[in-house]
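Colleague: The following comprises the amino acid sequence and a computationally predicted model.
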Amino acid sequence: MTKDIRLNAFVGNSPVHLSPGLWAHPRNRALEYKDLNYWVELAKVLERGKFDALFVADGIGVYDVFHGSADSSIRSGAQVPKHDPLMAVSAMAHVTKHLGFGITASTSHEIPAVLARRFSSLDHLTKGRIGWNVVTGFTDSSAKALGHDSVLPHDTRYDRADEFLEATYKLWEGSWQEGAVIRDRASGVFADPTKVRRVRHKGEYFQLDTIHLTEPSPQRTPFLFQAGLSKRGRDFAAQHAEAVLLSGPSKATIGPAVRDMRERAVRFGRDPHDIIFFSLATVIVGRTREEANAKLDEYRSYVDPEGALALFSGWTGIDFSQFELGAPLLAETKDNAVHSMIDSFTSADPTRVWTLQEVVEHNGIGGRGPLLVGSPTDIADALQSWGEETGVDGFNLSYAVMPETYIDFVDLVVPELQRRGVYKKDYAPGTLRTKLHGQDALKVSHPGAAFRSFGEIDPAA
């Protein structure tokens, strides 16, 4: 593990993200998700705790697999309603100087030129602190929202994503040459048109003939996150991702994934250490172990099993209302949605057999990552142990109660990590990519960097 543990806060713009039922807890402010002050205050807490980024999950579908309808999701507030995560970024950036923002957008739901302009605009407004969590989408409900009958097959979604990234790299990296923007008041020339290149792309899924509509932003390409853990998803991440988000209930599910993806990165000509790995985790900390356990008991009394089943069915594409709660999950139980979701509770850890009831209980607070409970010393020990035994560089921290979970972590765990010398005492200057990778631009080994050459962008020009 790197000397400094990396940290993101992992949230959704909904009443419930990964802890169904906890919205009803009297100290939980998650119902304020539609209030801008809620997001501004959260950003301030995270910057006080020196978090690398606020990472916001998103999707345009509703989880309607459980019992064949969206009723359970709606009843429990399980990621519905769901607001657009981009809307609050500018306000949060205005009250912070260093906190990064990882925003989820799907290559199955977006148009390359439109998404490229949106992220470039945010990269300017945040002074280089924007990241894109590249997802492919997995729900039929999201496909139907766009007028399609069903979501594309799993591997086809990644083929489309590869081409989507190629098109956006061309726009971000190749449309505007360095020095194109002059801003010469005396001559009245804003930009040199000979250094602004038209991007022509004609592929299987996308066509475009345009210039990029924003001048180069501090990072050009936003910092790239990715979370796919299927075989095809791992190849995609190994080729494109600068940070990978992992989710699994045990070290046995995470460690092999880290090693495998670093090996895949080498096959794509990349330095395996150019990818930062964040593992999902939820921390419940108290000043003492007893206080933390009491807090856990209190939180568990609010967990909504129906909401947990609605989420798990939505993630996997499998209607678990048809299963006995005491029945073991089998690796063959798989659909066209998130393959790694079933794998993490079956084949990824052959030493453990999970029943559906155990999965529901585990996922009830914070999702499928580990639930770490204890004193500041206990939590620091656990985080260091996870890093040392799995090779992850940091953690994507989910929450039980908002913003209490993060305030507790910042006030109790961060000082202990800093005392041990494994967590930064201040931010490095610069963009999100500079903070995480040491430079503003994509590294030369990254495939996006190849599109900086004009000849590769528009050979006919």
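Modeller: Sure thing, it's come through.

Colleague: any idea which strand is longest in this structure?
Modeller: Longest strand in the chain, counting residues (DSSP state E): strand 276-285.

Colleague: Next, the buried residues of the helix or strand following it.
Modeller: Scanning forward in sequence from strand 276-285 by DSSP states H and E, the next helix or strand is helix 289-300. Using 16 or more other Cβ atoms under 10 Å as the test for burial, helix 289-300 gives Ala292, Lys295, Leu296, Tyr299. In short, each C-beta sits where N, CA and C put it, glycine included.

Colleague: ok, back up a step: may I have the strands that pair with the longest strand of the chain, each with its orientation?
Modeller: Here strand 276-285 is paired, per DSSP bridges, with strand 243-246 (parallel), strand 371-374 (parallel), strand 394-398 (parallel).

Colleague: got the angle for that strand vs helix 289-300?
Modeller: 100 degrees (axes from the mean of the first three to the mean of the last three Cα atoms, to 10 degrees).

Colleague: pLDDT on strand 276-285, on average?
Modeller: Averaging pLDDT along strand 276-285 yields 97.

Colleague: That strand: how far from the chain's middle?
Modeller: Its chain's average C-alpha position is 12 Å from that of strand 276-285, according to Cα atoms, centre = their mean, to the nearest Å.

Colleague: just to revisit the earlier point, as CSV, the strands paired with strand 276-285 with mean pLDDT, distance to Lys50 and mean neighbour count would be great.
Modeller: Shown next, in CSV, are the strands paired with strand 276-285 (pLDDT from 0 to 100; distance: least, Cβ to Cβ, whole Å; neighbours: other Cβ atoms under 10 Å):
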stretch, mean pLDDT, distance to Lys50, mean neighbour count
strand 243-246, 96, 17, 26
strand 371-374, 98, 19, 21
strand 394-398, 98, 12, 27
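
Colleague: now for those, which one comes closest to Ala78?
Modeller: Checking the strands paired with strand 276-285 against Ala78 by Cβ to Cβ gives strand 394-398 as the closest, at 14.2 Å.

Colleague: Helix or strand next in line after the closest one, which one?
Modeller: As assigned by DSSP H and E, the chain's next helix or strand after strand 394-398 is helix 404-408.

Colleague: which helices and strands does that following helix pack with?
Modeller: Judged by 3 or more Cβ pairs under 8 Å, 6 or more residues apart in numbering; DSSP states H and E, helix 404-408 is in contact with helix 36-48, strand 276-285, strand 394-398.

Colleague: residues in contact with that helix?
Modeller: When contacts are defined by Cβ atoms under 8 Å, 6 or more residues apart in numbering, helix 404-408 is touched by residues 9, 27-28, 42, 45-46, 49, 282-286, 397-399.

Colleague: Stretch 16-25 too?
Modeller: Applying Cβ under 8 Å, 6+ apart, the contact partners of stretch 16-25 are 10-12, 15, 28, 30-31, 57, 76-79, 282, 298-299, 302-304, 306-308, 310-311, 363-367, 398-401.

Colleague: Which members of those residues occur in strands, if any?
Modeller: Per DSSP E, strands hold the following members of the contacts of stretch 16-25: Phe10, Val11, Gly12, Ala57, Thr282, Ser398.

Colleague: And these, which is closest to Asp378?
Modeller: Using Cβ to Cβ, Thr282 comes nearest to Asp378 of the ones in strands among the contacts of stretch 16-25, at 14.0 Å.

Colleague: For that closest one, give me its contacts.
Modeller: Each residue near Thr282 by Cβ under 8 Å, 6+ apart is listed here: 18-19, 365-367, 369-372, 397-400, 405.

Colleague: And the strands in the stretch 201-350 of the chain, which stretches?
Modeller: Assigned by DSSP state E, counting those that start in this stretch, the stretch 201-350 of the chain shows strands spanning 207-210, 223-226, 243-246, 276-285.

Colleague: Same list (the ones you listed) but as JSON lines, adding distance to Thr156.
Modeller: Output for those, formatted as JSON lines (distance: least, Cβ to Cβ, whole Å):
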{"stretch": "strand 207-210", "distance to Thr156": "18"}
{"stretch": "strand 223-226", "distance to Thr156": "17"}
{"stretch": "strand 243-246", "distance to Thr156": "22"}
{"stretch": "strand 276-285", "distance to Thr156": "27"}
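
Colleague: Buried deepest among the helices and strands packed on helix 404-408, which one?
Modeller: Mean neighbour count, computed with mean count of other Cβ atoms under 10 Å, is highest for strand 394-398 among the helices and strands packed on helix 404-408, reaching a mean of 27.

Colleague: Pull the distance from that strand to the chain's centre.
Modeller: The chain centre lies 10 Å from the centre of strand 394-398; the measure is Cα atoms, centre = their mean.

Colleague: likewise stretch 399-417?
Modeller: 20 Å.

Colleague: With stretch 289-296 instead?
Modeller: Taking Cα atoms, centre = their mean, one finds the center of stretch 289-296 at 29 Å from the center of the full chain.

Colleague: what's next to it, contact-wise?
Modeller: Here stretch 289-296 makes contact (Cβ under 8 Å, 6+ apart) with Ile284, Val285, Gly286, Ile365, Leu371, Val373, Gly374, Ser375, Asp378.

Colleague: Could you do stretch 227-234 as well?
Modeller: Contact with stretch 227-234 is made by 133, 135-136, 154-155, 158, 226, 236-237, 244-247, 257, 260-261, 264, 338-340, 343-344, as judged by Cβ under 8 Å, 6+ apart.

Colleague: Now which of the residues you listed would you call buried?
Modeller: Buried among the contacts of stretch 227-234 by 16+ other Cβ under 10 Å: 133, 135-136, 154-155, 158, 226, 236-237, 244-247, 257, 261, 264, 338-340, 343-344.
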